[in-house]
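Asks: okay, sequence plus prediction incoming.
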Amino acid sequence: MDNRRNLYFYYPRSEELEKKLNPLVELAKSNGFTIVEDYQRANIIVSVGGDGAFLQAVRKTGFRQDCLYVGIAQSNEAGLYCDFNLNNYDEMVNSMMYEELEVRRFPVIDVVINGEARFQCLNEASIRSTVIKTIVMDVFIDDNHFERFRGDGLIVATPTGSTGYNKSTLGAVVDPKTPCFQVSELASLNNNRYRTLGSPFILNNDRTLKLEIIQDGNDYPIIGLDNEAYSIRNIKDLTVTLSEDRIKTVKLKNNSFWDRVKRTFL
C-alpha cells in the first residue's frame, strides 16, 4: 500500500461530523497519508455515512477504476459496503499500514436510456410508474422477446445490490463473485388475461436485457439509479448489461460478503 497514500474523504458536510473525523484525519496524516481535496488525485476514496454515502461517493467520483473505495459507517447505520466504523477509525489506518485487508471487486451494470444516455449502477437500476396505473414494458433478452410486463415497475440489481431494493421484493441474495444481474418485479399484474413470469430471474454476464416502454400514458416513468432518481422525458427503452468495470473496495480479513449479510439480516 506504499504507493496508495492520497486520501479523499466524501461525506455530507456538517460541523458535527467534521469534529468526529478530525482524529481520523490527524491519525492518517501522522502515518504518512496525504489528504487531498480533489478526488481525481486520490488513490483511496473514503466515504463516511453508511451504504448510502458509499453509493454516492462512487457515483460522484465517476466509478473510478484506478483507486480503492473504503466505506466507514457511523453508529447505527447499515454497512454492507462498509468494513469500518467511525468509532474504530484507528482500525482502518492500521489495516492500510500493515495490509491486513484484501481487495474486493464489485460488479457494475451499464444502463443505456433511449440508446443515448449511459449510466452505471453499483446497486440497481429501477423503472417505475409515476401515475396511478400499471406501466407496460416489453422485456427482451438478447433481442428475443421474453414477456410483456404490466405492474408498478422492474428492478435490475447487481449481486451486491441484491441485498437492497431487490431483497425487499423477495429477490434472491446473490454472491458478488457470481458475474450476473437480477431482474425482479414490482407488483406485477397476473390474471386470466395478463401474465408475467411472476418471479425474479438471473441473467449471465454475457446477456443483454432490453426494456421497451409501451407509450400509454407512462411516458415519464421514474428511473432510479442506485439511490438517485431521474426524471427523463419520453423514455422509450432501457438496455442493461453487466459492465466490464469493477469497483475495487477493501475488506478486512475474515469479513466476507456473507459475514456482512449474516450480521445485517440474521
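Replies: Looks like it came in fine.

Asks: tell me the residue furthest from the middle of the protein?
Replies: Outermost residue of the chain with respect to the C-alpha centroid, by C-alpha atoms, centre = their mean, is Asn192; its distance is 36.6 Å.

Asks: quick one: pLDDT of it?
Replies: If you check Asn192, the pLDDT there is 89.

Asks: next up, the contacts around it.
Replies: Under the criterion of C-beta atoms under 8 Å, 6 or more residues apart in numbering, Asn192 has no neighbours. For the C-beta atoms, the positions are set from N, CA and C on the backbone; glycine is no exception.

Asks: CA atoms only: put the one helix or strand Ala53 maps to into CSV for me.
Replies: Using DSSP states H and E, Ala53 sits within helix 50-60. This file holds the C-alpha atoms of helix 50-60, laid out as CSV (Å, rounded to 0.1, in the frame of the first residue of the first chain):
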residue,chain,number,x,y,z
GLY,A,50,-23.0,4.1,5.6
ASP,A,51,-24.1,2.4,2.4
GLY,A,52,-25.9,5.5,1.0
ALA,A,53,-22.9,7.6,1.3
PHE,A,54,-20.7,4.9,-0.3
LEU,A,55,-23.0,4.7,-3.3
GLN,A,56,-22.9,8.5,-3.6
ALA,A,57,-19.2,8.5,-3.3
VAL,A,58,-18.7,6.0,-6.1
ARG,A,59,-21.2,7.9,-8.4
LYS,A,60,-20.0,11.4,-7.7
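
Asks: mind giving me the packing neighbours of that helix?
Replies: strand 6-10, strand 44-48, strand 68-73 (3 or more C-beta pairs under 8 Å, 6 or more residues apart in numbering; DSSP states H and E).

Asks: partner strands of the second one, parallel or antiparallel?
Replies: Taking DSSP bridges as the criterion, strand 44-48 pairs within the sheet with strand 6-10 (parallel), strand 68-73 (parallel).

Asks: got phi/psi on the closest residue to Gly153 other than its chain neighbours?
Replies: Once flanking residues are discounted, Gly153 sits nearest to Arg128: 3.5 Å by C-beta to C-beta, 6 or more residues apart in numbering. Arg128 adopts backbone torsions of phi -140, psi 150, taken as degrees, to the nearest 10.

Asks: likewise Val108?
Replies: Main-chain torsions, Val108, degrees, to the nearest 10: phi -130, psi 140.

Asks: and the gap between the nearest residue to it once chain neighbours are set aside and Phe106?
Replies: In space, Val108 comes closest to Ser243 once its chain neighbours are excluded; the distance is 4.4 Å by C-beta to C-beta, 6+ apart. Using C-beta to C-beta, to the nearest Å, Ser243 is found at 11 Å from Phe106.

Asks: repeat for Gln74
Replies: Distance from Gln74 to Phe106, by C-beta to C-beta: 21 Å.

Asks: and these two? which has more neighbours close in?
Replies: Phe106 (20 against 17; other C-beta atoms under 10 Å).

Asks: neighbours of the closest residue to Cys67 other than its chain neighbours, just the number please.
Replies: Ranked by C-beta to C-beta, 6+ apart and with sequence neighbours excluded, the top spatial neighbour of Cys67 is Asn43, at 5.4 Å. Neighbour count for Asn43, taken as other C-beta under 10 Å: 18.

Asks: again, but for Glu16
Replies: Neighbours of Glu16 (other C-beta under 10 Å): 7.

Asks: what does Glu244 give?
Replies: 10.

Asks: mind checking pLDDT for it?
Replies: The model's pLDDT for Glu244 equals 96.

Asks: which SS class is it?
Replies: strand (DSSP: H, G, I helix; E, B strand; the rest coil).

Asks: do the same with Asn191
Replies: Applying three-state DSSP: Asn191 is coil.

Asks: can you offset everything so residue one is 183?
Replies: Yep, numbering from 183; the last one is Asn373 now.

Asks: can you redo the helices and strands packed on helix 232-242 as TSV with mean neighbour count and mean pLDDT?
Replies: Output for the helices and strands packed on helix 232-242, formatted as TSV (neighbours: other C-beta atoms under 10 Å; pLDDT from 0 to 100):
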stretch	mean neighbour count	mean pLDDT
strand 188-192	20	94
strand 226-230	24	93
strand 250-255	24	90
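
Asks: great, nothing more from me.
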